[in-house]
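Chemist: Next comes the sequence, and after it the predicted model I'd like to discuss.
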Amino acid sequence: MKLYDSTLAPNPRRVRIFLAEKGVEVPTVQVDIGKAENRQPDYLAKNPMGGVPILELDDGTVVAETVAICRYFEGTQPEPPLMGTDPQDAAVVEMWNRRMELEVLIPIAGVFRNTHEFFKGRIPQVPEYGDVCREQATKRLAWLDEVLAERDFIAGDRLTIADITAVCGIDFGRVTGIAIQPDQKNLTRWHAAVSERPSYKA
Ligand SMILES: N[C@@H](CCC(=O)N[C@@H](CS)C(=O)NCC(=O)O)C(=O)O
């Protein structure tokens with residue numbers, strides 16, 4: 001089994017933190033996005049979308065999409081549960097994870113993709129859309145601060161994949177000047193709690 005990883009990118013980091021929480025070690029292959037290694041024919045043969053991470057299983061099966069990779073390891077290593085403990089809890093965790101992906105991580109990545117030098121000439125950039133993404137991400141962080149007034153973690157009283165998605169998205173915002181504001185006390189407390197865990201350094 002091999003995990004195709006890229007150290008600085010947020011989606012592979014989600015998988016690394018997930019694995020660290022589970023205590024699972026997987027051999028990795030570094031993919032240099034800067035050199036567009038993920039856009040070369042041999043990589044595209046594994047994942048036509050070109051994104052990292054991907055997980056290649058021993059029988060050659062390739063699992064792309066961060067949540068699908070996490071789902072695989074939730075099955076092979078159920079403890080600690082990070083995707084819910086029963087049907088109701090799993091549905092709630094999935095709801096929050098999708099919100100963190102669609103409302104926080106993707107808008108923050110949208111700012112980077114549409115406004116940052118890194119992607120200039122690599123992908124079509126629409127800076128105005130980057131501004132829309134920035135506004136959305138900023139509003140969503142304010143909303144998340146309110147959500148976290150109610151509980152310790154995003155989907156309840158313990159860490160789940162939703163927290164992992166959120167922290168990877170929010171930390172990636174630093175590259176484009178999106179950050180938790182000093183008056184967002186609940187978000188600040190939550191971020192401190194997540195970043196104190198050994199998995200945060202994965
Ligand atoms: N939907 C995919 C997104 C994967 C993705 O876009 N990964 C980014 C890194 S975080 C990437 O490969 N960027 C480089 C590129 O698109 O060329 C997932 O959830 O894994």
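Modeler: Noted; the coordinates are in hand. Residues are numbered from 1 along each chain as shown.

Chemist: mind checking which helix or strand the closest residue to the ligand within the chain is in?
Modeler: Minimum separation of the chain from the ligand (Cβ to the nearest ligand atom) falls at residue 51, amounting to 2.9 Å. Using the backbone N, CA and C atoms, a C-beta is placed for each residue, glycine as well. According to DSSP states H and E, residue 51 maps onto no helix or strand at all.

Chemist: Burial check on it, number of neighbours?
Modeler: 19 (other Cβ atoms under 10 Å).

Chemist: Got phi/psi on it?
Modeler: phi -80, psi 150 (degrees, to the nearest 10).

Chemist: Residue 38 is in contact with that one, correct?
Modeler: Yes - with contact defined as Cβ atoms under 8 Å, residue 51 reaches residue 38; the gap is 6.9 Å.

Chemist: where does residue 3 land in three-state SS?
Modeler: What DSSP: H, G, I helix; E, B strand; the rest coil gives for residue 3 is strand.

Chemist: Repeat that for residue 85.
Modeler: Under three-state DSSP, residue 85 comes out as coil.

Chemist: Any idea how many residues pack against it?
Modeler: Considering only other Cβ under 10 Å, residue 85 is surrounded by 14 other residues.

Chemist: and this structure, which of its residues are near the ligand?
Modeler: 9-11, 33, 38, 50-52, 65-66 (Cβ under 6 Å from any ligand atom).

Chemist: ok, the residue of the chain most remote from its centre to residue 1 distance?
Modeler: For the chain, the residue at maximal distance from the C-alpha centroid (Cα atoms, centre = their mean) is residue 59, at 26.5 Å. In this structure, residue 59 and residue 1 are 10 Å apart, going by Cβ to Cβ, to the nearest Å.

Chemist: what does residue 159 give?
Modeler: 24 Å.

Chemist: Let me see the contact set for the nearest residue to residue 114 once chain neighbours are set aside.
Modeler: Leaving aside its chain neighbours, residue 114 sits nearest to residue 130 (3.2 Å; criterion: Cβ to Cβ, 6 or more residues apart in numbering). For residue 130, the contacting residues are 110-111, 113-115, by Cβ atoms under 8 Å, 6 or more residues apart in numbering.

Chemist: Let's have the residues you listed in TSV, adding secondary structure and neighbour count.
Modeler: Shown next, in TSV, are the contacts of residue 130 (DSSP: H, G, I helix; E, B strand; the rest coil; neighbours: other Cβ atoms under 10 Å):
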residue	secondary structure	neighbour count
110	helix	20
111	helix	26
113	helix	20
114	helix	21
115	helix	21
